[in-house]
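*Asks:* Got a predicted structure here, sequence first:
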Amino acid sequence: MRNSDPFADLIRSIEENLQRGEEWVPPDDGGGGGEPRQPMSRPSRWWWLLIIPFLFLLLFNTIIGFLTDWSWYGSLGLDSILWTRIAASLGLFVAGFVLTWIFLFVNYWIARRVEPFGLVSTPVEQVSDATGIRVPVIAIVIFTLFSFIMGLNVAAEWPQLLLFLNQSNFGVMDPVFNRDASFYIFTLPILEIVRGWLQAVITVSLITVVLVSGIGWRGWRMRTGTLVHLGVLV
């Protein structure tokens with residue numbers, strides 16, 4: 001007759017799993033017969049390779065367009081115009097990407113320092129445990145993708161940047177604000193671009209701070225530091 005002692009069943013279960021070289025997981029309380037649950041396997045890291053064809057498809061039209069423009073400008077002897085446009089566009093992309101990424105990551109880092117346990121027992125932690133990907137890695141991937149998109153949006157404003165850098169006065173003054181009319185053609189659009197960028201990154205930073213701090217998931221109470229952080233962003 002089989003021994004019904006639960007302690008003996010527990011010892012037997014541990015010994016069997018150690019002999020098979022498996023990780024022992026405590027049995028369920030709901031009458032699982034003392035059988036160990038298999039540990040959740042982590043996803044393969046090879047899924048990162050899927051990003052390569054995605055990037056190729058994303059950049060395919062850009063590469064074809066560049067080669068076409070290069071050939072056309074070269075045939076006209078106007079290579080300098082093409083390289084000026086590329087330099088302005090590339091500079092704006094790098095600036096938009098780097099500044100966006102730094103802004104988001106700094107706010108994420110501050111939020112984690114202020115509330116280090118904000119993600120405990122939240123869907124974010126559950127997704128992290130299920131995929132085997134740590135929360136900081138998830139945050140970095142999201143920040144990188146968003147920064148890439150913002151970099152592309154800013155890079156598309158290269159004509160306005162060149163107009164701003166090569167502006168000249170019109171000699172006509174605005175009767176209300178007493179500014180030269182060139183301000184509204186060359187400078188004001190740049191300020192609008194900066195305002196739009198700030199609005200986008202601050203909105204994403206606010207969402208990040210709310211998620212990282214566990215606001216809404218773990219109640220509506222928050223630390224003083226979190227409240228100050230949100231107040232500064234707002």
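*Replies:* Good, I have the coordinates. None of these values were measured; they are calculated from a predicted model.
*Asks:* if I look at the most centrally placed residue in the chain, how far off is residue 72?
*Replies:* Note on the chain: the residue nearest the mean C-alpha position is residue 143, at 1.5 Å, using C-alpha atoms, centre = their mean. The gap separating residue 143 from residue 72 is 37 Å, by C-beta to C-beta, to the nearest Å. Heads up, the C-betas are built off the backbone N, CA and C, glycines and all.
*Asks:* same deal with residue 92?
*Replies:* Residue 92 is 23 Å from residue 72, by C-beta to C-beta.
*Asks:* Mind checking which of these two has more residues around it?
*Replies:* residue 92 (21 against 11; other C-beta atoms under 10 Å).
*Asks:* any idea which element that one lies in?
*Replies:* Assigned by DSSP states H and E, residue 92 belongs to helix 79-114.
*Asks:* packing partners for that helix?
*Replies:* Contacts defined by 3 or more C-beta pairs under 8 Å, 6 or more residues apart in numbering; DSSP states H and E place helix 79-114 against helix 51-76, helix 135-155, helix 158-165, helix 188-212, helix 224-233.
*Asks:* could these go into JSON lines alongside mean pLDDT and distance to residue 106?
*Replies:* Below are these laid out as JSON lines (pLDDT from 0 to 100; distance: least, C-beta to C-beta, whole Å):
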{"stretch": "helix 51-76", "mean pLDDT": "83", "distance to residue 106": "25"}
{"stretch": "helix 135-155", "mean pLDDT": "90", "distance to residue 106": "10"}
{"stretch": "helix 158-165", "mean pLDDT": "93", "distance to residue 106": "25"}
{"stretch": "helix 188-212", "mean pLDDT": "92", "distance to residue 106": "9"}
{"stretch": "helix 224-233", "mean pLDDT": "80", "distance to residue 106": "11"}
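*Asks:* right, and those helices - which one's nearest residue 114?
*Replies:* The closest of these to residue 114 is helix 224-233. By C-beta to C-beta, the value is 3.8 Å.
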